[in-house]
Structures are given as C-alpha cells and as structure tokens.
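Visitor: my questions concern the predicted model and sequence given below.
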Amino acid sequence: MSPSDLPATLLAFGAHPDDIEFGCGGVIARETQSGRPAHFVICSRGESGTNGTPAERTAEAQKSAALLGATCEFLNLGGDAHLTHTVAHALQLAAIIRRLRPQIVLAPTLVENQHPDHVIVGRLVRDAARLARYGGVAELRETPAHAIASLLFYAITPDAEPADRSALLIDISSAVPAWTAAMEAHTTQLRTRNYVELQLTRARVNGLRSGVAHATALFPNDPLVFDSLAQLARTARQF
C-alpha cells in the first residue's frame with residue numbers, strides 16, 4: 001500500500017496527557033487496528049496535577065499513545081490549569097491541522113461543568129478547524145488551507161456529556177484490551193481514583209444500549225451527512 005492509499009490521519013487533541021486515552025482511547029485503538037494512522041496533540045504536560053511530575057506524565061502519555069498505535073506531540077499553551085482561549089492559540093492548532101490534513105478531528109466537549117482546560121481546548125479546536133480552511137489567514141500562509149470533514153467531541157467524564165445533542169456510538173468491543181492497557185499506562189493518575197473502571201463501565205453501558213459489548217459516545221459538532229438511508233445500519237434502541 002502506498003502512502004496515498006492510507007486513510008487520512010485521525011487527529012485528536014487533549015488538554016492533559018491522559019485526556020484522549022480516557023475519553024476516546026477505545027475509538028483510537030479501533031481505528032488504528034483498522035489501518036488508520038492516529039496522532040495526538042497534548043496541550044500541557046499535567047504540570048498542575050495532584051499526582052505525577054511533568055516528566056512522568058509525558059512518559060506515560062508517550063507509552064499510552066504507542067499502545068494505541070498513535071504518535072503524539074506536546075504543545076505549551078501556558079501549562080496545565082493555565083490554558084487560555086486566544087486567537088494565537090487557535091492559530092497554533094490550525095497550523096497543525098493544515099500540516100497533518102486530517103478528515104476527522106477529536107476534541108473534548110464544550111460542557112462547562114468539567115476541568116476548565118478541557119472546555120478551552122474544545123473551543124480552540126473548534127475555532128482552529130474553521131481557521132485552517134480560510135485561505136487568506138496571514139499567519140497560516142506557509143501551508144495550504146485544509147477543510148476537515150468532521151469535528152467530533154469526546155466526553156472525559158460522564159458530567160461532560162452534552163445534554164443538547166445526540167451521541168454517535170462507536171463499537172469498540174474489539175479494541176478494549178488495547179484501550180485498557182493504554183489507560184493503565186497512566187499509573188500516576190490511577191493513584192487518585194480508578195478511572196479505568198469508570199471508563200470501562202461507561203463503555204459497557206453504551207454497549208448494552210446499542211447491542212454490542214462496549215461502545216464509546218462521540219458528539220458531532222455539526223449534523224452528519226449520509227448519501228442514502230442505506231448507510232444507517234441501526235440505532236441504539238435495544239430496549
């Protein structure tokens with residue numbers, strides 16, 4: 001297979017070193033196992049976390065990304081608990097979108113009642129996806145404009161799931177072993193509470209809703225478009 005035959009890279013943004021894995025790691029593993037490249041952009045090194053040094057958090061994120069079959073890079077947008085929603089930061093993320101040219105981008109939800117960094121990164125990514133497609137943005141002229149196909153939000157905690165839009169449920173049943181290993185790689189964060197059990201339980205409930213073993217909910221930023229009703233395989237109404 002030549003590089004041009006590969007699916008477009010799946011690009012995921014996270015505020016902290018473990019956000020992507022806990023929020024949508026099963027989806028990442030599912031996609032990379034199917035041959036889609038994946039890349040993480042992590043916007044801090046967990047400097048303000050209760051457990052773990054920035055060096056430890058960085059190493060855990062790199063190990064976890066590798067377990068999911070993904071690559072990762074880190075950005076400095078002010079540090080953990082100090083992220084800000086600015087045009088300059090959105091342009092930084094837009095430059096990455098133009099460089100990697102993904103079709104699908106994942107970001108934390110915009111629900112307010114969660115870690116403020118999660119909301120800020122979600123907003124930055126939403127803005128960046130728009131800026132990346134505008135050909136006349138002076139700061140981005142070094143790379144051609146690029147329009148992504150879909151921005152999907154992931155919820156890191158149950159409280160972060162938006163109540164005002166329907167979920168897209170992704171069957172991750174075959175990816176659970178890789179996803180579990182990736183979450184367990186964040187050993188410093190498991191000193192606080194058992195996040196792995198929480199995420200697996202959430203995925204199991206979504207699986208029961210949709211008739212599979214485990215599923216992860218994603219939330220589209222825009223209405224999804226289908227060529228025909230034939231592409232609607234089924235819904236989650238099982239009971």
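Guide: That came in fine, so what should we check first?
Visitor: alpha carbons of stretch 68-80, as CSV, please.
Guide: The C-alpha coordinates for stretch 68-80 follow below in CSV (Å, rounded to 0.1, in the frame of the first residue of the first chain):
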residue,chain,number,x,y,z
LEU,A,68,-2.9,2.6,20.9
GLY,A,69,-0.8,2.7,17.8
ALA,A,70,-0.7,6.5,17.7
THR,A,71,2.0,9.1,17.6
CYS,A,72,2.0,12.2,19.9
GLU,A,73,3.3,15.7,20.3
PHE,A,74,3.1,18.3,23.1
LEU,A,75,2.2,22.0,22.9
ASN,A,76,2.9,24.7,25.5
LEU,A,77,-0.2,26.9,25.7
GLY,A,78,0.5,28.2,29.2
GLY,A,79,0.6,25.0,31.2
ASP,A,80,-1.9,22.8,33.0
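Visitor: chain center to it: distance?
Guide: Mean-position distance between stretch 68-80 and its chain equals 11 Å (C-alpha atoms, centre = their mean, to the nearest Å).
Visitor: which of the residues in that stretch are buried?
Guide: Within stretch 68-80, the residues that qualify as buried are 68-70, 72, 74-75, 77-78, 80, counting by 16 or more other C-beta atoms under 10 Å. The C-beta positions use only the backbone N, C-alpha and C, and glycine is treated the same way.
Visitor: among those residues, which lie within strands?
Guide: Among the buried residues of stretch 68-80, the members falling in strands (DSSP state E) are 72, 74.
Visitor: of all the buried residues of stretch 68-80, which two lie farthest apart?
Guide: Using C-beta to C-beta, the buried residues of stretch 68-80 span at most 29.8 Å, a distance reached by Gly69 and Gly78.
Visitor: and for Asp171, nearest residue in space, chain neighbours not counted?
Guide: Spatial nearest neighbour of Asp171, excluding adjacent residues (C-beta to C-beta, 6 or more residues apart in numbering): Val212 at 4.5 Å.
Visitor: apologies, that question was intended for Thr50.
Guide: In this structure, Thr50 finds its nearest non-sequential neighbour in Thr192, 6.1 Å apart by C-beta to C-beta, 6+ apart.
Visitor: quick one, phi/psi of the one you found?
Guide: Backbone torsions for Thr192, taken as degrees, to the nearest 10, come to phi -80, psi -50.
Visitor: next: Leu68.
Guide: Note on Leu68: backbone dihedrals following degrees, to the nearest 10 are phi -90, psi 0.
Visitor: surely it and Glu21 touch.
Guide: Yes - using C-beta atoms under 8 Å, Leu68 is in contact with Glu21, at 7.0 Å.
Visitor: report pLDDT for Pro3.
Guide: The score at Pro3 is 55. That number is its pLDDT.
Visitor: what's near enough to touch Pro102?
Guide: 8-11, 39, 148 (C-beta atoms under 8 Å, 6 or more residues apart in numbering).
Visitor: checking it next. Helix, strand or coil?
Guide: Here Pro102 is coil, with the state taken from DSSP: H, G, I helix; E, B strand; the rest coil.
Visitor: next, the residue nearest to Asn76 when sequence neighbours are not counted: secondary structure please.
Guide: With C-beta to C-beta, 6+ apart as the criterion, Asn76 has its nearest non-adjacent residue at 7.6 Å, and that residue is Ser44. Under three-state DSSP, Ser44 falls in the coil class.
Visitor: test my guess that Ser44 contacts Thr84.
Guide: No - between Ser44 and Thr84 there is no contact under C-beta under 8 Å: 11.7 Å.
Visitor: per-residue pLDDT, Leu83?
Guide: Turning to Leu83, the model gives it a pLDDT of 95.
Visitor: so it touches Val119, yeah?
Guide: No - the pair Leu83 / Val119 is not scored as a contact, 9.3 Å apart, by C-beta under 8 Å.
Visitor: all set, thanks.
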